[in-house]
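Following is a predicted model, sequence given first.
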Amino acid sequence: MADDVVVIGAGVSGLTTAVCLAEAGLAVRVDTAQPASATTSARAGAMWDPYLVEPLGRVREWGRRPLTEFAALAWDPATTGVRMLDGAHESRTARELPDWAALVDARPCRPERLRPGFVTGWRYRAPVIDMSADDLENG
């Protein structure tokens, strides 16, 4: 049977993407050169934030499903490595709220709350993925 989709990488994002696609009925193959404990997910974290993603007209649609899936995984951060955190996105140039801001109820930051050198920003709550190598080996 031919693969409908090939996901490159077996970190948290890649595996979550592969599971969602398989649950949607697609034939999925995950290609990785390293075991899960040697992936970026075992060493670094990630926050859901579709910044600089193109095409802009599709970003909200593409961002909604992973946001929903990662937020659902946040029910048990010790097991899943996903938790919901409040944070801010700041910019050194004036920017409007991105189209996806409505998905996370983003609100503009008050100027006095921005770090020095930043002129605009927004606060929101989003999933943060932070897996340790032990979590990947034992989970």
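Cool, the structure landed.

All the strands of this structure, residue numbers only.
For the chain, the strands defined by DSSP state E cover 5-8, 28-31, 45-47, 82-91, 107-108, 120-130.

Is there a neighbour count for residue 54? I'd like the number.
A total of 8 residues lie near residue 54 under the criterion other CB atoms under 10 Å. For the C-beta atoms, the positions are set from N, CA and C on the backbone; glycine is no exception.

still on that earlier bit, can I get the strands of the chain in a markdown table with distance to residue 74 and mean neighbour count?
Converted to a markdown table, these look like this (distance: least, CB to CB, whole Å; neighbours: other CB atoms under 10 Å):
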| stretch | distance to residue 74 | mean neighbour count |
| --- | --- | --- |
| strand 5-8 | 22 | 14 |
| strand 28-31 | 23 | 14 |
| strand 45-47 | 12 | 14 |
| strand 82-91 | 5 | 16 |
| strand 107-108 | 21 | 14 |
| strand 120-130 | 6 | 19 |
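
Indicate which one of these is closest to residue 71.
Nearest to residue 71, of all the strands of the chain, is strand 120-130, at 5.5 Å by CB to CB.

what's the angle between the closest one and strand 82-91?
150 degrees (axes from the mean of the first three to the mean of the last three CA atoms, to 10 degrees).

now strand 120-130, how far from the centre of its chain.
Offset of strand 120-130 from its chain centre (CA atoms, centre = their mean, to the nearest Å): 10 Å.

hang on, the earlier thing: need the strands of the chain in CSV (columns: mean pLDDT).
Below are those laid out as CSV (pLDDT from 0 to 100):
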stretch, mean pLDDT
strand 5-8, 91
strand 28-31, 94
strand 45-47, 78
strand 82-91, 92
strand 107-108, 96
strand 120-130, 92
